[in-house]
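Participant: mind folding the following:
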Amino acid sequence: MNTIIDSLQQFLSYTGFANLTWQHLVMIAIGILFIFLAIKKEWEPLLLIPIGFGIIIGNIPFTEGLNIGIYEEGSVLNILYSGVRYGWYPPLIFLGIGAMTDFSALISQPRLMLIGAAAQVGIFGAYMLALLCGFAPNEAGAIGIIGGADGPTAIFLSSKLAPELMGAIAVSAYSYMALVPVIQRPIMLLLTTKKERLIRMPAPRQVDKKEKIIFPIVGILLTAMIVPSGLPLLGMLFFGNLLKESGVTRRLAETARGPLVDVVTILIGLTVGCSTQATVFLTGKSVMIFGLGLLSFVIATASGVIFVKIMNLFLKKENRINPLIGNAGVSAVPDSARVSEVVGREFDKSNHLLMHAMGPNVAGVIGSAVAAGILLSFLG
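Facilitator: Reported below is the predicted structural model:
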């Protein structure tokens, strides 16, 4: 009888209920909230559902030593997490992004690249704020990249500079990417006048096939020569774009932007979610990272809009840029460009800004990778 009772007690000690804490319940509730927002609000469901479910998995309490936790060396989750920890998931994501991105809007209007560059001010602004909050320089650099609104870049840089903060940084970056429409619209309205929102931009010129093929080759040579440390991201981005635009590697391009990027998105979302174990994740630093991440996103959006307003001071009336596309300088493709379109049409239903906004939007992808390379050069 005693043996049965002892066995039952041992079994109960291994259950999640026996090891459950209020911190686990908080994180599980956050995971459920992510799933709710993804399904009900359709906020980045391809990201929030894997991350939300991963948060639930990562916060099922268990007894140490069972070799099942994401931080237990050799466990299945730990092996899958190696793609995040060593930073080889993000370049694969960038390969897919390159294969699905049309750079025509940027090629036809090169001046829009300046807006994408201006929006990266959010990264360096958050970096300085993080230093003021007491974070070490390498940690501040990893936190600052959240302002680029680029989840893969945030994971890549934090894996190199501050792996212990990667879970908080990654979840923060993807959360704010999902909240692009909520965060950016009030900033855009606050910083623009009604007259500015009604500016009509001239139609972009047609870009021929030769230009589209030359662009990724010139792009990798220019950016990687300036910032070689960004080569893993920039190289895969431009390689994926060349697969798309060459016209002779359709199968490879379709694989890169379809099955490959889907598989990696599932793995990166799930394992990032799993890494938010309450015992590791729920700390004062994590809360500060979420706050700084929001500030970096706000600074990036405001910088893009304000920069356009400054540019317009030096442009002829017929060449002025609608400041509502300034928000698209962040790297959340194509969501921030869609916000430009939606807000623009609120004030003029016939004024379509999407194609114009895609210019700074794709420039932001390049810009965030370059910014990550710069930070890695100085802090790595």
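
Participant: so what pLDDT did residue 136 get?
Facilitator: Model confidence at residue 136, expressed as pLDDT, equals 93.

Participant: residue contacts, it?
Facilitator: Contact partners of residue 136, counting by Cβ atoms under 8 Å, 6 or more residues apart in numbering, are residue 162. Any C-beta I mention is one placed from the backbone N, CA and C, and that applies to glycine too.

Participant: quick check: the closest residue to residue 306 other than its chain neighbours vs residue 299, distance?
Facilitator: Across the structure, with Cβ to Cβ, 6 or more residues apart in numbering as the measure, the residue nearest residue 306 apart from its sequence neighbours is residue 191 (6.3 Å). To residue 299, residue 191 is 12 Å away according to Cβ to Cβ, to the nearest Å.

Participant: next: residue 265.
Facilitator: Computed as Cβ to Cβ, the residue 265 to residue 299 distance reads 27 Å.

Participant: my read: the residue nearest to residue 306 touches residue 303, true?
Facilitator: No - the pair residue 191 and residue 303 does not pass the contact test of Cβ atoms under 8 Å, sitting 10.1 Å apart.

Participant: so these two - more neighbours on which side?
Facilitator: residue 303 (25 against 19; other Cβ atoms under 10 Å).

Participant: might one say that the more buried one is in contact with residue 122?
Facilitator: Yes - here residue 303 reaches residue 122: they are 6.0 Å apart, a contact under Cβ under 8 Å.

Participant: from residue 144, how far out is residue 102?
Facilitator: From residue 102 over to residue 144 the distance is 29 Å, taken as Cβ to Cβ.

Participant: now do residue 332
Facilitator: On the measure of Cβ to Cβ, residue 332 and residue 144 end up 16 Å apart.

Participant: over to residue 224?
Facilitator: If you go by Cβ to Cβ, the gap between residue 224 and residue 144 works out to 22 Å.

Participant: more neighbours: which of those two?
Facilitator: Neighbour totals were compared for residue 224 and residue 144, and residue 144 leads with 32 against 20 (other Cβ under 10 Å).

Participant: where does this protein dip in pLDDT?
Facilitator: In the predicted model, the chain carries pLDDT under 70 at residues 1-2, 6-7, 9-11, 13-14, 380.

Participant: which one's the longest helix in it?
Facilitator: Across the chain, the helix with the greatest residue count (assigned by DSSP state H) is helix 284-312.

Participant: what packs against it?
Facilitator: Where contact means 3 or more Cβ pairs under 8 Å, 6 or more residues apart in numbering; DSSP states H and E, helix 284-312 is packed against helix 113-118, helix 121-132, helix 137-144, helix 166-178, helix 180-191.

Participant: could you rerun that using 6 Å?
Facilitator: Helices and strands touching helix 284-312, by 3 or more Cβ pairs under 6 Å, 6 or more residues apart in numbering; DSSP states H and E, are helix 113-118, helix 121-132, helix 166-178, helix 180-191.

Participant: go ahead and measure how far it is from the middle of the chain.
Facilitator: For helix 284-312, the distance between its averaged C-alpha position and the chain's averaged C-alpha position is 14 Å (Cα atoms, centre = their mean, to the nearest Å).

Participant: what angle do it and helix 121-132 make?
Facilitator: In terms of direction (axes from the mean of the first three to the mean of the last three Cα atoms, to 10 degrees), helix 284-312 departs from helix 121-132 by 140 degrees.

Participant: can you give me the buried ones in helix 284-312?
Facilitator: Residues of helix 284-312 classed as buried under the neighbour-count rule (16 or more other Cβ atoms under 10 Å) are 285-286, 288-290, 292-309, 311-312.

Participant: go on, stretch 214-222?
Facilitator: Buried, per 16+ other Cβ under 10 Å, within stretch 214-222: 215, 216, 219, 220.

Participant: so the third one is in contact with residue 237, correct?
Facilitator: No - look at residue 219 against residue 237 with Cβ atoms under 6 Å: they stay out of range, at 8.2 Å.
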